[in-house]
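S.K.: Here is my input, please return the structure:
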Amino acid sequence: MARAAARDGTGVMVATPHVSWEYQNDAATIARLTHELNRRLAQEGVALEVRAGAEIAMTRAADVEAAQLAHLTLGGGGCLLIEPPFAPLVTGIDMLIYGLQRTGYRVVLAHPERCAAFQRDRSILDALARSGVLISITAGSLVGRFGREVRRFASRLVADEMVHNVSSDAHDALRRPPTLAADIEQAGFSALAEWWTQAVPEALLSGAEIPPRPRGQVQQGHAGWRKLWRTRQS
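M.R.: This next block holds a predicted model:
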C-alpha cells in the first residue's frame with residue numbers, strides 16, 4: 001500500500017485504523033505501529049511519511065475516554081475523523097458531533113456519501129456542514145466504485161460545494177488501493193484535486209484554517225461528471 005501510494009504521488013498519508021466496538025484499537029498501539037512502519041519505509045527507500053490517526057465510529061466515540069480521544073486526532077492536528085454508520089438511521093450523530101466541537105475538536109466526517117440515511121434525507125448532513133463539520137468523501141465514490149447512487153450523491157455534494165477533502169480510504173493495494181489522482185480526473189474534478197488532496201489536508205494536519213475553495217470550478221467538474229454518466233449509460 002505504501003509503495004502504491006508513493007507511486008500515485010502521495011507524500012504524507014494518515015493511518016486511520018478503525019476505532020469501534022469491533023476493532024478495539026487504542027492510541028498507544030497506533031502510535032507505536034506508525035513509528036515502526038515509518039522506520040521500515042525509510043529502510044526500504046519508500047518516499048512516504050505515515051502519520052498516526054484513527055477513524056472513530058460514531059457508536060464508539062461517546063465512550064472513548066477524553067485522554068484517549070486527544071491522541072486519536074489526525075496527525076496530531078486537533079481533527080477527529082468520525083465515521084457515520086451505513087444504516088438507514090443516524091439518530092444522535094448531530095448531538096455527538098456538536099459535543100465534540102464544544103470540547104474544541106474540529107470534526108471531519110468520513111465518507112458520508114456512502115451513508116444511506118444521508119442519501120434519504122440530507123438535512124442532518126447540511127446542518128452539520130453549516131456548523132463547521134468538514135466532509136471527506138472517498139475517491140472511488142466519484143467513479144461508481146460503491147454503486148450508482150453513491151456516485152450520484154457524491155457528485156451532488158461536490159456541486160453544492162460541501163466536499164472539503166477526497167481520500168483514498170485504502171484497505172489494500174489491489175481491491176481498495178491508495179490512489180486518488182486517476183479517480184478524481186476520471187470524474188472530471190481535476191481542477192479541485194490540489195485543494196482536496198493537498199491544501200485542505202495540510203491545514204487539517206497543522207491545525208490551520210481551511211484555505212478558500214477554488215472558485216468557478218463546480219460547473220466544470222459537474223459537467224464532466226454528467227458527460228461520464230452519459231457515456232457509461234450509452
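
S.K.: give the contact list for Asp121.
M.R.: Residues near Asp121 by Cβ atoms under 8 Å, 6 or more residues apart in numbering: none. No exception for glycine: its C-beta is placed from N, CA and C like everyone else's.

S.K.: try it again with 10 Å
M.R.: With contact taken as Cβ atoms under 10 Å, 6 or more residues apart in numbering, Asp121 is in contact with 88-90.

S.K.: same check, this time on Ala70
M.R.: By Cβ under 10 Å, 6+ apart, the contact list for Ala70 reads 27, 64, 76, 78, 80, 103-105.

S.K.: Look up how far Ser168 lies from it.
M.R.: 26 Å (Cβ to Cβ, to the nearest Å).

S.K.: Can you tell me the centre-most residue of the protein?
M.R.: Ser136 (3.6 Å; Cα atoms, centre = their mean).

S.K.: pretty sure that residue is touching Arg106, no?
M.R.: No - counting by Cβ atoms under 10 Å, Ser136 sits too far from Arg106 to count as a contact (12.0 Å).

S.K.: and for those two, which residues touch both?
M.R.: By Cβ under 10 Å, 6+ apart, the residues touching both Ser136 and Arg106 are 74, 79, 204.

S.K.: Return the distance of the closest residue to Gly99 other than its chain neighbours relative to Ile93.
M.R.: Closest residue in space to Gly99, ignoring its immediate chain neighbours: Ala62 at 7.9 Å, by Cβ to Cβ, 6 or more residues apart in numbering. Using Cβ to Cβ, Ala62 is found at 11 Å from Ile93.

S.K.: Next up, identify which helix or strand Leu96 is on.
M.R.: helix 93-103 (DSSP states H and E).
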